[in-house]
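> Based on what follows, work out the 3D shape:
(chains A and B)
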Amino acid sequence: MRQVLAVCLIALASVAAAVEPDEILDDPALEARARDISRDIRCVVCQNEPIDSSNAGVARDLRILIRERLVAGDSDAEVVQYLVDRYGDYVLFKPPFKPTTYALWLAPFALLGLGGMAAASALRRRKAGTAPEGLSPEDEAKVGELMARFDAEMDKKDT
Amino acid sequence: MQRVLVMLPVAVVIVIGGFFLWGLNPDRDPNAIPSALVSHPAPAFELDAVDGVDVPGLKTADLAAAGEPVLVNVFASWCVPCRAEHKVLTRLAASEGFPLFGINYKDKPEAARDWLNELGNPYQRIGSDLSGRAGIEWGISGVPESFLVNAEGTVVWRYVGPIASAQAQDELRDALAAARAAGAGS
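Model (predicted):
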């Protein structure tokens, strides 16, 4: 029973947000869009929190603003652009793909590629280098001679 | 090829070390928000005067109408750092001779009036932003916040927080001098 209760409370915690009842729109479709947008907008006061879950005054103002724009008939992209015009790309949790952010988006793939190339060349080199090589005839003869001497020494000791 | 590969770890260390050096720089504020407004025209807004205060309201056209760089200061009577900043701004506006405009952010007119009566009113114009909508147009994250707008109505400098420290005042003087020099050159 307690476990069931705990699971319910945890599930509730994830839906809890700072959105206050008076902000919520009557139209559930518009409200859902507003929630989707505000989840990806960074609060400029408490900077690692989306405005959807922030209690800051500016975050509340922005949530209301987003809903007003949606009611006025703006598309999601237009609403986001409206905010970017005023606060910059900084408010987006997902930065756009454009020349100034190429390094940000492409660096992981570039590094992965470099690492893969390094690993491939290292593996290839190890494979080529491990082929066993036999002894040369001279070495073979030398070893034979040493073995014979060793055996002779042992025989001498035994007697 | 071999020689290049040998140098690779050194290059990696230099790059990572460079980032560390940049991150350790005490002048760098990791919480600073890059302003989307600097080097853009001031946003469109129109605010009425604060009830009971005898200076006119503030709108976008007033900024360029001054014909010289102006400082737009977002303040509120409920904001404690604004109180600290008030005296400094009053003195700077007089000594540096720039017009000081105010945006009274989410403030009760009576409270703002009492605050100005108590501390003095250095503002030539004050717009009353009851809803906080003009604040969003300016992209503020809190109060106080100040913007320097040049003679063409372009935002050239922004300061988040009270202009009270010697460093902040120097920054304002530098920005003002640059804006005036650019205005005289054109």
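
> Now for B:W22: which residues touch it?
Each residue near B:W22 by C-beta atoms under 8 Å, 6 or more residues apart in numbering or on different chains is listed here: B:R28. C-beta: built from backbone N, CA, C; applies to glycine.

> May I ask you to confirm that it belongs to a helix?
Yes - under DSSP: H, G, I helix; E, B strand; the rest coil, B:W22 sits within a helix.

> And it, how close does it get to chain A?
To chain A, B:W22 is 15 Å away according to C-beta to the nearest C-beta, to the nearest Å.

> Helix or strand for residue 155, just tell me which one.
Picking chain A for this. Applying DSSP states H and E as the criterion places A:D155 in helix A:137-158.

> switch to chain B, that's the one I care about
Using DSSP H and E, B:V155 sits within strand B:155-160.

> residues making contact with the helix holding A:D155?
Under C-beta under 8 Å, 6+ apart, the answer for helix A:137-158 is A:L135.

> quick one: average pLDDT of it?
What helix A:137-158 shows for mean pLDDT is 89.

> CA atoms only: put that helix into PDB for me.
Taking C-alpha atoms only, helix A:137-158 is exported to PDB below (Å, rounded to 0.1, in the frame of the first residue of the first chain):
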ATOM      1  CA  PRO A 137      68.700 -20.900 -39.400                       C
ATOM      2  CA  GLU A 138      71.800 -19.500 -37.600                       C
ATOM      3  CA  ASP A 139      69.700 -19.000 -34.400                       C
ATOM      4  CA  GLU A 140      68.300 -22.500 -34.800                       C
ATOM      5  CA  ALA A 141      71.900 -23.900 -35.000                       C
ATOM      6  CA  LYS A 142      73.000 -21.900 -32.000                       C
ATOM      7  CA  VAL A 143      70.100 -23.000 -29.900                       C
ATOM      8  CA  GLY A 144      70.800 -26.700 -30.900                       C
ATOM      9  CA  GLU A 145      74.400 -26.300 -29.900                       C
ATOM     10  CA  LEU A 146      73.500 -24.800 -26.500                       C
ATOM     11  CA  MET A 147      70.900 -27.500 -25.800                       C
ATOM     12  CA  ALA A 148      73.500 -30.200 -26.600                       C
ATOM     13  CA  ARG A 149      76.000 -28.500 -24.300                       C
ATOM     14  CA  PHE A 150      73.400 -28.300 -21.500                       C
ATOM     15  CA  ASP A 151      72.600 -32.000 -21.900                       C
ATOM     16  CA  ALA A 152      76.300 -32.900 -21.800                       C
ATOM     17  CA  GLU A 153      76.800 -30.900 -18.600                       C
ATOM     18  CA  MET A 154      73.800 -32.600 -17.000                       C
ATOM     19  CA  ASP A 155      75.100 -36.000 -17.900                       C
ATOM     20  CA  LYS A 156      78.500 -35.200 -16.400                       C
ATOM     21  CA  LYS A 157      76.900 -34.100 -13.100                       C
ATOM     22  CA  ASP A 158      74.800 -37.300 -12.900                       C
END
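
> Does A:W105 fall in a helix, a strand, or a coil region?
At A:W105, secondary structure determined by three-state DSSP is helix.

> count of neighbours near residue 42?
Picked chain A for this. Neighbourhood size, A:R42 [other C-beta atoms under 10 Å in any protein chain shown]: 20.

> Can you look at chain B instead?
B:A42 has 22 nearby residues by other C-beta under 10 Å.

> Same question for A:L70.
Using other C-beta under 10 Å, the number of residues around A:L70 comes to 21.

> low pLDDT regions in the chain?
Here I'm looking at chain A. A:1, A:4-17, A:129-132, A:159 (pLDDT under 70).

> that's the wrong chain, I wanted chain B
The model of chain B has pLDDT under 70 over residues B:1, B:185-186.

> Phi, psi for the residue positioned nearest the centre of it please.
Against the mean C-alpha coordinate of chain B, by C-alpha atoms, centre = their mean, the closest residue is B:S146 at 2.3 Å. The phi/psi pair for B:S146 (degrees, to the nearest 10) reads phi -130, psi 140.

> ditto for B:E145
When quoted as degrees, to the nearest 10, the phi and psi of B:E145 stand at phi -150, psi 140.

> Please apply the same query to B:I140.
Backbone torsions of B:I140, given as degrees, to the nearest 10, read phi -80, psi 150.

> wait, doesn't it sit right on B:F75?
No - contact criterion C-beta atoms under 8 Å: B:I140 and B:F75 do not qualify, at 11.0 Å.

> got any residues that touch both of the two?
Shared contacts of B:I140 and B:F75 (C-beta under 8 Å, 6+ apart): B:Y105.

> rewinding a little: the residue nearest to the centre of chain B pairs with what?
Beta-bridge pairing for B:S146 (DSSP bridges): B:N73, B:Y159.

> any idea how far chain A is from it?
16 Å.
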